[in-house]
Every structure is written in C-alpha cells, then in structure tokens.
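A.B. asks: A structural model of the following input is requested.
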Amino acid sequence: MPMTARTFLTLAKTGALDEVEGRIELISGTMTMAPPPGGSHQRAERKLLAAVFEALIRHGNQGRLMVQTSGGLELDPETLVSPDLMVVTARDHDGVWKPDDVVLLVEVAQSSLSIDLGSKADLYAAAGIPDYWVLAVDTQEIVVHRRPGDGRYATVETLAAADSATALLEPTLSFAVSGLF
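C.D. replies: This next block holds a predicted model:
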C-alpha cells in the first residue's frame, strides 16, 4: 500500500527520518532519496536565491510573494517533494505548499538532470505548476517548462548564458542566465 503525504509528514515531524543523509521525497507513495548537493549545485542555488530576493525587494513584492527553499510541496495525496526553490504566494498555511501557491518552481540540477527534466517535469506538469525551471549546472543553461497539460509541458525552451529568464506569472522576476551560475 502506498504511503500518503500525511503519513510521510508525520514520520518527518516525529524525527523518524532525521538520520537519513540527503533529501527524501515521497513520489507516488514511495520514499525516494537524493544525494546531498555538490559544491557547484550549492553555488548555483545561492546565486539564484540572492537574485530572487533582490528582485522581490527591488520591486516591492516581498509582502506578496515569499521564497521557499527545500520546502514541502504536496502535488497529490501520495506525492510530497522538496524543490530547490519556489516563489510562492504569501499566505498562512500548515507548512506544506500546494500547486496553486506556486508562482515559480526551480530545480538546480547536476547529477539529477535527467530526473529533473524527465519524471520530475512530468510530476510538476500533472500538478499544474505553470512555470518550472531547471538550472542545468554543467551546461549553465536554464530549461524553462510552461503550459502544463495532460501530464506534460507543451512548451520547453532552453536558455543559454546570453539570454534572460523571466517568470511567467511575475515578470518582475527576471534574471540574466549568466548571473545564476
């Protein structure tokens, strides 16, 4: 019998998962582990976080939008993931975000690139995440996924270092791709 997101959260809150190294996610009722991120991954994540905070503050959006790193996102009753970064609507909640809260979702990918561009993209599309970016650390590109439907994104575009990336639902979140690596 698959595990539910609620059961998974209960295990986490009681400390039953504290000894596990790396990030644990619940995907379709099965716990999966990701290895701890390497130095290049962490560097890209820090640069992304700084850029997002700066954009939110510069445009006065920090009261309307929030940044969540490695937070819980419940995609369905048996799937609870921890994306590297989400820009979400500022509201009170129970500690777990829902797809309707997400303005922008970003995964930083190095060893997980094929998963983030494959099965993770399908999960996010099925949940209706409107704007999903994958920061490909090794190639220093951003793969932008938009227009979710039927478990897939209809639009997938790769942006190179010379390009800019702008959030679909929040155009004030715009970044030079080269500045994120």
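
A.B. asks: Can you check the distance spanned by stretch 149-166, start to finish?
C.D. replies: Distances were taken as CA to CA, to the nearest Å; on that basis the terminal residues of stretch 149-166 are 21 Å apart.

A.B. asks: Next, the buried residues of it.
C.D. replies: Neighbour counts using 16 or more other CB atoms under 10 Å place Y153, L159, D163, A165 of stretch 149-166 among the buried residues. No exception for glycine: its C-beta is placed from N, CA and C like everyone else's.

A.B. asks: so which pair among the residues you listed is furthest apart in space?
C.D. replies: Pairwise distances among the buried residues of stretch 149-166 were taken by CB to CB; the largest, 18.2 Å, belongs to Y153 and D163.

A.B. asks: Give me the nearest residue to T89, chain neighbours excluded.
C.D. replies: Spatial nearest neighbour of T89, chain neighbours left out: D101 (5.3 Å); criterion: CB to CB, 6 or more residues apart in numbering.

A.B. asks: What residues are recorded as beta-bridge partners of R146?
C.D. replies: When bridges are taken as DSSP bridges, the partners of R146 come out as D131, T155.

A.B. asks: now do S174
C.D. replies: Using DSSP bridges, the bridge partners assigned to S174 are T166.
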